[in-house]
Every structure is written in structure tokens, then in C-alpha cells.
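Undergrad: what shape does this take:
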Amino acid sequence: MSKQKEPIWLKIVRIALACVFLYSGFTKAIDPVATSITFDDYFTSFGMGFMHPLSMFFAFCMTAAEFTLGFMMLFRIKMRFTATCYLLFMVFFFFLTLWLAIAEHLEVNYGYNFGVVRDCGCFGKAVKLSNKETFLKNVVIMIPTLIVFFKRKSIPDIRLTELGQWCFAAIGALLVFGFQAYCFRHLPVIDYSNWKVGENVAQNFIDKPAVQDIMFIYKNTADGSIVTLSEDELMSIGDEQPDFYDTYEYVDRKDSIISEFERAPHEGFNMLDSTGSDMAMELFLSEEPVYIFFMHNLDETNLKGIQNEEFTRIVKNCLENSITVVGITNSDRATIGRFIKENNILFPIYENHIDPVKGPFMVRDAVRSNPGLMIIQGGVVKGKYNWRDFGKVKTEN
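TA: Residues are numbered from 1 along each chain as shown. Presented below is the predicted three-dimensional model:
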């Protein structure tokens, strides 16, 4: 009997379909915390808040299933089973994204409020698509999915035993589970956020105040001559000409705008102290390194991260070497006070007040760890660390 051979055109379709699932699974596996947040958003949108504790579990499992199916499709493992799972997977998301696209259209154009999720998270944080774009993407992917499904009998399985094929598939599953676990316990190996190392976060998140040129006009009372002085010149004129104010009188002041006030590209970030003063600009633009502990929700902060020797070492070394060390959270001022007292925190924790439902969740998204550490100098991120990696942090000024 001659060996069954897969047509070239079908092989191209199959490999392309496998690559889509592999890429989608990989981009989610990079940032499992973001995927769990997406599940949280879906559960909230569909009135299933009781499912929130399982968000991370579903994130790990769905990402692993998607990547493993792509792995099986690529290597022709159990093709009839794989093609059927692909179809079921795509049918579910086809109708889900159809509803999301319709609901978003009704919200935007007709004032309905379904609380629809705006970012599907199909490709993690690597590619952002609207619900309409996501649905159209699924329409396109559905075509090769149907082709492979109806032609599944024409695609021979890899030449392994039944047990061998399942063991091979398990390798793909273990790879993606292990990769997710690593990124969860540390930080995403590829940072798609606006807070990645080397990014100028001052430009991204801090408003630029207007810059004015102020000139003061004075007239000589004896001969009527006019002099124009800048602010700096006016401050020093008394030392240079002690009799200046006896011989000159104030006439007018002229203000000119050198640069207009500019909103930051990403609005909503601030670091408010107990008096309501925003410390973000001062800290972000400091030419000296600033160590900032990100703890988006103090009630959910992993106490192992602030009760270990490395955390204590970092804080102690910063204080002893006059290095600025602070914290930032989305929790309210009362929670901050209680947290500082209960955990003997030796540095100030600033508040970034947000809408608990709508965000923006900048503190949560900055570092995928609670607590996490970010080092900023001159507005640029110099380092980011999960609390499990605090031992790698150096505190040299």
C-alpha cells in the first residue's frame, strides 16, 4: 500500500494555521498576568464576578491549549482530533467576537451600556485589535480552519505510535506551561508595555508645563530711557546696581509663550502625597536614580515580597546612601496608612487614585508583580524586578 501524501497546497494552509495558533499562544504565555486580567474583564462584562479567583487558572489553561493545538497542527499529531478541536475553538470565538463587535457598535453609536470588553487580548499585549477587527480576523482564520477540518483525512499523522503522538503533544504542553510559569514568577521576557527598560516614561506619562518668557520693563526717571530685564536679571540687579530702584520705575511686563502646555500621551498617572501634591514630575525627572516599589493593590500585595531580606537590604541601602526610595499604589490613603504601620514601611507610599472599574490601571500594568520594583533615572526606566528577583538589585548611587 502506498503511503498517503499531503497535497502541497494543503500543507501550506495547515502550517499557516498552526503558526497563527502558536503565535497567539506565545504572545499570551509571555504575560500570563495580562491574560488573567483579560479573563477578569470578561467575567465582569458577563456578570460572572464569582469566577475571578479562577482567572489565572483559565489564563494558563487556555494559553496552553491554544499553543499545544498549534504544536499538534504543525507536526501533524492526531490530525483528526486536532482539526476537530481547532474547529470547536474557532466556532466558539467566532460567535463570541461577533457579539462583542455588535455590542461595541451599539455602545458607541446608540448609547447602550453592555460593559463590553474593548481589548480581546487575542495576541496578548503584542497586537491590539478592536472588537470589529478581531471578528474580521476570526472570519479570515475560519476559512483555513474549515479547509483543514474537511480535508483532515487527507493529512497523515506523524509516523509515531498512538502513545508516541500523545507524548509528543505533551512536550508542547509542558514547554508552554513552563514558559508561562517562568514569566509569571519573574517578568515577561518581552515587555510590550510603555514601562519597559529604556523607555522614557517621563515623556509618556508626565504633562509638560507651559514655558513662559517673562520680561520686565523699567524706565529711567531722569532721561526716560527704557531697560528690559529677564527674571534672573531682575533678581540680581539690586546687587549690581544698588541705586537701580531709585533711578528706575516699573512700566510694564511682557509675557511670551516659548512652548505650550502639553498633555502626556497617556493621561491619568500621578503620585499624590498625603497633602494631595503630585510628586510624579519631581521623581521622574530626577537626575539621580529613584527606586519605586509598585504595589497596585495593598490588600493583594504578596507579603513575602516585603518581608524578605532582599527587600530590607534594598530599602536600608537606599536610606543609608541618600537614594530616593518610594512606593506607589492605587489603594486609598487610609489603606496606605494601615499598610505602612502594620508592615513597618520606612518610605512614603504615594497614591495614584483611579476608578476601580474603568482605571486607567497604570500602576498594575507597569510591573507584573505586586510588589515590583522599578528604577527610574532622568525619566528613563533603568531596571524592573519581580519581588522574587530583588536579590539581583544593586543600590549604588
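Undergrad: so where do the strands sit in the stretch 101-250 of the chain?
TA: 211-220, 226-230, 248-259 (DSSP state E, counting those that start in this stretch).
Undergrad: for Ser2, give me the pLDDT.
TA: Confidence at Ser2, expressed as pLDDT, is 47.
Undergrad: so what's Tyr192 up against?
TA: Tyr192 makes contact with 30-31, 124-126 under the criterion C-beta atoms under 8 Å, 6 or more residues apart in numbering. C-beta coordinates here come from the backbone N, C-alpha and C atoms, glycine included.
Undergrad: ok, these vs Thr301, which is closest?
TA: Distance to Thr301, by C-beta to C-beta, is smallest for Asp31 among the contacts of Tyr192, at 19.7 Å.
Undergrad: got a list of what the closest one touches?
TA: Asp31 is in contact with 124-125, 183, 188, 192, 368, counting by C-beta under 8 Å, 6+ apart.
Undergrad: ChimeraX command to pick out the buried ones of the residues you listed?
TA: To isolate the buried subset of those in ChimeraX, counting by 16 or more other C-beta atoms under 10 Å, use the following:
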select :124,125,183,188,192,368
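Undergrad: so which of the contacts of Asp31 are in helices?
TA: Cys183 (DSSP state H).
Undergrad: can you redo the contacts of Asp31 as a markdown table with pLDDT and distance to Arg338?
TA: What follows is the contacts of Asp31, written out as a markdown table (pLDDT from 0 to 100; distance: C-beta to C-beta, whole Å):
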| residue | pLDDT | distance to Arg338 |
| --- | --- | --- |
| Gly124 | 83 | 35 |
| Lys125 | 86 | 33 |
| Cys183 | 96 | 32 |
| Pro188 | 95 | 31 |
| Tyr192 | 91 | 34 |
| Arg368 | 93 | 25 |
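Undergrad: got a list of contacts for stretch 11-23?
TA: For stretch 11-23, the external contacting residues (C-beta under 8 Å, 6+ apart) are 6, 66-67, 69-71, 73-74, 76, 86, 123, 141, 144-145, 147-148, 155.
Undergrad: and the helices in the stretch 51-200 of the chain?
TA: Ranges of helices in the stretch 51-200 of the chain, per DSSP state H, counting those that start in this stretch, are 55-74, 79-110, 131-150, 162-185.
Undergrad: still on that earlier bit, do you know which of the strands of the stretch 101-250 of the chain lies nearest Leu106?
TA: When the strands of the stretch 101-250 of the chain are compared (using C-beta to C-beta), the closest one is strand 248-259, at 42.1 Å.
Undergrad: after that closest one comes which helix or strand?
TA: helix 280-284 (DSSP states H and E).
Undergrad: can you list the buried residues in that next one?
TA: Under 16+ other C-beta under 10 Å, the buried positions of helix 280-284 are 280-281, 283-284.
Undergrad: check stretch 160-168 too.
TA: Quick answer for stretch 160-168 (16+ other C-beta under 10 Å): 165, 168.
Undergrad: contact partners of it?
TA: With C-beta under 8 Å, 6+ apart as the test, stretch 160-168 has contacts from 75, 77-78, 157-158.
Undergrad: which among these count as buried?
TA: Here, 16+ other C-beta under 10 Å leaves 75, 77-78, 157 buried among the contacts of stretch 160-168.
Undergrad: mind putting the residues you listed into a markdown table with pLDDT?
TA: Conversion of the buried ones among the contacts of stretch 160-168 to a markdown table gives the following (pLDDT from 0 to 100):
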| residue | pLDDT |
| --- | --- |
| Phe75 | 96 |
| Ile77 | 96 |
| Lys78 | 96 |
| Asp157 | 94 |
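Undergrad: now distance to Gly238 too, for the residues you listed, in a markdown table please.
TA: What follows is those, written out as a markdown table (distance: C-beta to C-beta, whole Å):
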| residue | distance to Gly238 |
| --- | --- |
| Phe75 | 83 |
| Ile77 | 86 |
| Lys78 | 89 |
| Asp157 | 92 |
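Undergrad: rewinding a little: now the two most distant members of the contacts of Tyr192.
TA: Asp31 and Ala126 (8.9 Å).
Undergrad: pretty sure Asn302 contacts Arg388?
TA: No - with contacts counted by C-beta atoms under 8 Å, Asn302 stays clear of Arg388, the gap being 9.3 Å.
Undergrad: higher neighbour count, those two?
TA: Counted by other C-beta atoms under 10 Å, Asn302 and Arg388 do not tie: Arg388 has more neighbours, with 17 against 13.
Undergrad: would you mind measuring from the more buried one to Thr312?
TA: 15 Å (C-beta to C-beta, to the nearest Å).
Undergrad: could you do Gly47 as well?
TA: Following C-beta to C-beta, the distance that separates Gly47 from Thr312 is 44 Å.
Undergrad: repeat that for Thr44.
TA: 37 Å.
Undergrad: same check on Met51?
TA: Taken as C-beta to C-beta, the span from Met51 to Thr312 is 37 Å.
Undergrad: any weak-confidence spans in the protein?
TA: 1-3, 396-397 (pLDDT under 70).
Undergrad: domain parsing of it, as residue ranges.
TA: According to automatic domain parsing, the chain comprises the domains 8-185, 211-259, 266-392.
Undergrad: can you give me the offset of the last one from its chain's centre?
TA: Distance of domain 266-392 from its chain centroid, counting by C-alpha atoms, centre = their mean, to the nearest Å, is 16 Å.
Undergrad: in the protein, what residue sits furthest out from the centroid?
TA: Ala222 (65.6 Å; C-alpha atoms, centre = their mean).
Undergrad: how about that one: what's its closest non-neighbour residue?
TA: Thr247 (6.4 Å; C-beta to C-beta, 6 or more residues apart in numbering).
Undergrad: mind listing what the one you found touches?
TA: Per C-beta under 8 Å, 6+ apart, neighbours of Thr247: 220-222.
Undergrad: cool, Gly70 as well?
TA: So Gly70 contacts 18-25 (C-beta under 8 Å, 6+ apart).
Undergrad: now Gly359
TA: Gly268.
Undergrad: redo that, cut-off 10 Å
TA: Taking C-beta atoms under 10 Å, 6 or more residues apart in numbering, we find Gly359 in contact with 268, 330, 365.
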